[in-house]
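Asks: need a structure here:
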Amino acid sequence: MSKPKTPKMDRKLVIDDEMAERIYNAIWICKIGNLNPTEALAFINSGEIGYKKQTDEDIREKRFRPIEISESTYFRYKKQLESPEFQTKEVFKIFREEYLAEIVSRFKLFKRLEAKSMKALETEDDPHKQQLIINGIFRNSPYTTSLMDIIKQIVERNKMPFPKNAEVEKILQKEGVTKSH
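Replies: Okay, here's the model as predicted:
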């Protein structure tokens, strides 16, 4: 009599980009903690990268089944994580996101200053102070324009794709910039 087969989908781990990122993060934690491979696998397979979808039986018994990776998967991802190409790519990704965040934060700052200046201009009665406010607005407008130009160039040339960021999308829509692929 043959042994009943378990479904392959339950045993096989489908690794998408999100799961790969979780595996890299878990391996990185193991490297920082100076864990040996056995300890690292025990840590990762204890639920560090997530849990499988619960069945009705799991829900009744209040049981969670952690997602587990094999030893070969662990070593394959560890080798990729330690490769110079991967590290360069990660550094560039961090730099790109920080660069973009800096541009967006400065753009938002200048837009807030412009909005406050416009509000102050509307409430000010003294013509001399009104002129000073107008001068301030015009003095700052080249900065706002140049930051918007940088954002447009990045999008148009597609040299530095934007991360999925609600603030960036809102600014791009407000300024009428569309992504060209």
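
Asks: going forward, measure contacts and count neighbours with C-alpha atoms only.
Replies: Fine.

Asks: K111 and N140, how far apart?
Replies: 10 Å (C-alpha to C-alpha, to the nearest Å).

Asks: correction: the previous question concerned I133.
Replies: Counting by C-alpha to C-alpha, the gap from I133 to N140 is 11 Å.

Asks: how would you label R139: helix, strand or coil?
Replies: When classified by DSSP: H, G, I helix; E, B strand; the rest coil, R139 comes out as helix.

Asks: for it, give its distance to E102.
Replies: Taking C-alpha to C-alpha as the measure, R139 and E102 are separated by 21 Å.

Asks: and if you look at Y143?
Replies: With C-alpha to C-alpha as the criterion, Y143 and E102 are 14 Å apart.

Asks: same deal with I27?
Replies: Counting by C-alpha to C-alpha, the gap from I27 to E102 is 30 Å.

Asks: could you do E90 as well?
Replies: From E90 to E102 the distance is 18 Å (C-alpha to C-alpha).

Asks: same thing with L41?
Replies: Taking C-alpha to C-alpha, one finds L41 at 38 Å from E102.

Asks: again with A40
Replies: From A40 to E102 the distance is 36 Å (C-alpha to C-alpha).

Asks: ok, those two, which is more surrounded?
Replies: A40 (21 against 12; other C-alpha atoms under 10 Å).

Asks: how is this protein partitioned into domains?
Replies: 12-82, 94-175 (automatic domain parsing).

Asks: now render the ones you listed as a markdown table, adding mean pLDDT.
Replies: As requested, the domains of the chain are exported to a markdown table (pLDDT from 0 to 100):
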| stretch | mean pLDDT |
| --- | --- |
| domain 12-82 | 84 |
| domain 94-175 | 76 |
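
Asks: hang on, the earlier thing: more crowded one of I133 and N140?
Replies: I133 (18 against 14).

Asks: show me what whichever strand or helix holds the more buried one is packed against.
Replies: Using DSSP states H and E, I133 falls within helix 127-157. Judged by 3 or more C-alpha pairs under 8 Å, 6 or more residues apart in numbering; DSSP states H and E, the packing partners of helix 127-157 are helix 84-123.

Asks: angle of the helix it packs on against helix 127-157?
Replies: 150 degrees (axes from the mean of the first three to the mean of the last three C-alpha atoms, to 10 degrees).

Asks: list the buried residues of helix 84-123.
Replies: For helix 84-123, the neighbour count (16 or more other C-alpha atoms under 10 Å) marks 96-97, 100-101, 103-104, 107-108, 110, 114, 117-118, 121 as buried.
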